[in-house]
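Student: dropping a prediction and its sequence here:
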Amino acid sequence: MSFEWETLMILDKAETTIFEAMSEMPVVDAHEHLLPEPQRVARRVDFFILFSTYSKADLCGAGMAPDVYDRLRNDQDMPVDQKWKAFRPFYPFVRHGAYARPARIWLKDVLGYDDLTEDNYAEVSARLQEWNAPGLYDRILRRMCHIRTALVACETYQEYDFDLLKPLWRVINFISDKSILGFVRQSATGKPGKGLAGYLDWMEEDFHQYLQRGRVGIKAICFPYEPPDTAKADAIFDSLYSRGDEPKLSPAERYTLASVIYDRAFRLAQAHGLTVAVHSGVWGDFRESQPAHLIPMATGYPGVSFDLFHLGIPYVREAVMIGKMFPNVSLNLCWTTVLSPELTVRMLDECIDMVPMNRIIAFGADYNLPVEKVYGHLKMAKQVVARVLAKRVGRGEMDLSEARRIAGMWFCDNAAGIYRL
């Protein structure tokens, strides 16, 4: 037997062994947007629930009109045969993409179908609706995925199973034009308070309401951050009251206000021992949220722990270097596997060379409606980790016992420590 084939067989055996060792490993799902279960099971679902959320990018990229996608996702009264007719022309173009893979894993592993077809879409829809009942999250997250805790960047703190789903407070909401300008309109009439100081106090009141429901972390986003200039931000905020009924913020003004808002939030995070989860990279105009924008935040607040999301895709090497150079920054690979498992394999392999093993989080499914896809996303993430660690085992850099230990850190222990769960 040639050396090359021997090496391939060792890698294949090691990969299988590591993957199987993770089958019942406890998991912390380190990023979700899941609805409270009562809201989810109140919806009528069909096959398209498996292609909601991020699949929109691929389907619309393949030619589906955005308004058609929105109707397929949101119109619960649309007959399933009409949905299939609208979906079918585009499915061949997206079915091999990473966004579609968790759906196909669910179809295969749970429902027993090789794929979604003309012959089974109605039956698939009926079976998905059968699953869509109270206990859905417990059945999928706890029992099938062995998820102990999922961290949820949510819009509300009501109706959650707080033993399973831990909400993050969203400072990201308070840097939006909608929030700032809505406050200006309200406070112009004397309620709730006026000016930037009033806005920050109002935000802090919301933060303390969140603390009463349990504390885990804060959700933020990278942007072109500058050191907070309160005087400049005060002047911008005060000027909004004299800009007419529909005031507007320029990008530069928004960033100035956001830096001061973040200053208050980061001080609250440090005072209460909360980690700040920071979106970076992918989605929309990803240039605005590139991970390098985190550097002045990390250096300006060395007592705050920052968890850098999505490996900054497409700025992956910048993200890895930030994880290496700044001890208060961890790297969270949430969402990355369903963007590209191959990219994630390459970058996670480089992370082993560059980043301490206790500063890496391997999984966060990052879904809102389709909790079913958490199962497939997790399976893909485990396959990625098995491939990366098997390569190191095959080269003799670690043994299988060490590989299993690292996998346990990446899927559970690190997130539990970084978020103080």
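Tutor: Sure thing, it's come through.
Student: how about the helices in the stretch 51-200 of the chain?
Tutor: 55-61, 66-74, 80-87, 91-94, 101-109, 121-131, 136-137, 177-187, 195-211 (DSSP state H, counting those that start in this stretch).
Student: just give me how far the shortest one sits from the chain centre.
Tutor: In this view, helix 136-137 has its centroid 19 Å away from the chain centroid, taken as C-alpha atoms, centre = their mean, to the nearest Å.
Student: circling back to that earlier point, what about the helices of the stretch 51-200 of the chain, which gets the closest to residue 327?
Tutor: The closest of the helices of the stretch 51-200 of the chain to residue 327 is helix 195-211. By C-beta to C-beta, the value is 25.8 Å. For every residue, glycine as well, the C-beta is placed using N, CA and C.
Student: hang on, the earlier thing: which one of the helices of the stretch 51-200 of the chain has the lowest average pLDDT?
Tutor: The weakest mean pLDDT among the helices of the stretch 51-200 of the chain belongs to helix 177-187, with a mean of 89.
Student: give me the angle between that helix and helix 195-211.
Tutor: 110 degrees (axes from the mean of the first three to the mean of the last three C-alpha atoms, to 10 degrees).
Student: check which helices and strands helix 177-187 is in contact with.
Tutor: helix 195-211, helix 251-272 (3 or more C-beta pairs under 8 Å, 6 or more residues apart in numbering; DSSP states H and E).
Student: then that helix to CSV, C-alphas only?
Tutor: Extracted C-alpha coordinates of helix 177-187, given in CSV (Å, rounded to 0.1, in the frame of the first residue of the first chain):
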residue,chain,number,x,y,z
ASP,A,177,-31.9,55.6,13.0
LYS,A,178,-35.3,54.2,13.9
SER,A,179,-34.6,54.2,17.6
ILE,A,180,-32.7,57.5,17.7
LEU,A,181,-35.2,59.4,15.6
GLY,A,182,-38.2,57.8,17.3
PHE,A,183,-36.8,59.0,20.6
VAL,A,184,-36.4,62.5,19.2
ARG,A,185,-40.0,62.6,18.0
GLN,A,186,-41.3,61.4,21.4
SER,A,187,-39.0,63.6,23.6
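Student: now the angle between helix 251-272 and it, please.
Tutor: 90 degrees.
Student: got the contact list for helix 177-187?
Tutor: 173-174, 192-195, 198-199, 202, 237, 240-241, 247-249, 254, 257 (C-beta atoms under 8 Å, 6 or more residues apart in numbering).
Student: in the chain, which residue is most central in space?
Tutor: Central residue of the chain (C-alpha atoms, centre = their mean): residue 366, 3.6 Å from the mean position.
Student: ok, now which ones touch the closest residue to it other than its chain neighbours?
Tutor: Take residue 366 and drop its neighbours on the chain: the residue closest to it by C-beta to C-beta, 6 or more residues apart in numbering is residue 335, 4.3 Å away. Taking C-beta under 8 Å, 6+ apart as the criterion, residue 335 is in contact with 31, 54, 282, 309, 310, 364, 365, 366.
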